[in-house]
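> here is my input, please return the structure:
(one chain, ligands or ions: 2)
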Amino acid sequence: MTLRSLTIAPLTRDAFAPFGQVIEASDAAQHFTINDGNTERYHDLAHIEPGPQGKTIVSIFRGLPRNLPFEISMMERHPLASQAFMPLSSRPYLVVVAAAGEAPTVEQLHVFLCQGRQGVNYAAGVWHHPLLALEATSDFLVIDRSGPGHNCDIATLTPGGLIGPLP
Ligand SMILES: NC(=O)N[C@@H](O)C(=O)O
Ligand code: NI
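Ligands and ions are numbered 1, 2, ... in the order given. Below is the predicted model of the structure:
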């Protein structure tokens, strides 16, 4: 079965808005000076949702680099809570998302190339592929949920999609 080649777009706040928020110190964000002028605060960048009886937790994911071209054959979602990734290794990475709701088809996937200064927060229920680090083993600060209930659904994509090489 031939795999559909997926287009890779640059990550922007507006393009990612249907799926969550971009975490980035940019002039588009609400920001103001604090600490007697020493520090600029980029304020309230992501809507963190711990969900019912959930606790917000902070972890570090150390992801091995994915080799391109890479087949996207599954997606997952966290129906109860959001999940945020902030790169700590300053390397680009990829995110693959689809709107919350029914399990996506390959035609409904959106692929974004994220820069090393850009984090993402997946809103609760948004379909996404597990971490897609590039170039070298990379660390990411992850803000998500611990608590009762089922918080990870998997969907298989048949046919899948193919990512890469990078534009
Ligand atoms: N399983 C896990 O915690 N990681 C995934 O949710 C992911 O999005 O990488
Ligand atoms: Ni996830």
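> adjacent strands (with direction) for the lowest-mean-pLDDT helix or strand in the chain?
Taking mean pLDDT, DSSP states H and E as the measure, the helix or strand of the chain with the lowest value is strand 4-5, at a mean of 92. According to DSSP bridges, strand 4-5 forms sheet pairs with strand 153-163 (parallel).
> now the strand it pairs with, how far from the centre of its chain.
Centre-to-centre, strand 153-163 and its host chain are 16 Å apart (C-alpha atoms, centre = their mean, to the nearest Å).
> list the buried residues of it.
For strand 153-163, a neighbour-count test (16 or more other C-beta atoms under 10 Å) marks 157, 160-163 as buried. Using the backbone N, CA and C atoms, a C-beta is placed for each residue, glycine as well.
> ok, those vs Leu3, which is closest?
Nearest to Leu3 among these is Leu162, at 4.2 Å by C-beta to C-beta.
> isn't that closest one up against Leu68?
No. If you go by C-beta atoms under 8 Å, Leu162 and Leu68 don't touch, sitting 9.1 Å apart.
> enumerate the residues of the protein near ligand 1.
Applying C-beta under 6 Å from any ligand atom, we find that the chain lies next to ligand 1 at 76, 83, 128, 130-131.
> that's a helix at Pro79, yeah?
No. Per DSSP: H, G, I helix; E, B strand; the rest coil, Pro79 lies outside any helix segment and is coil.
> all set, thanks.
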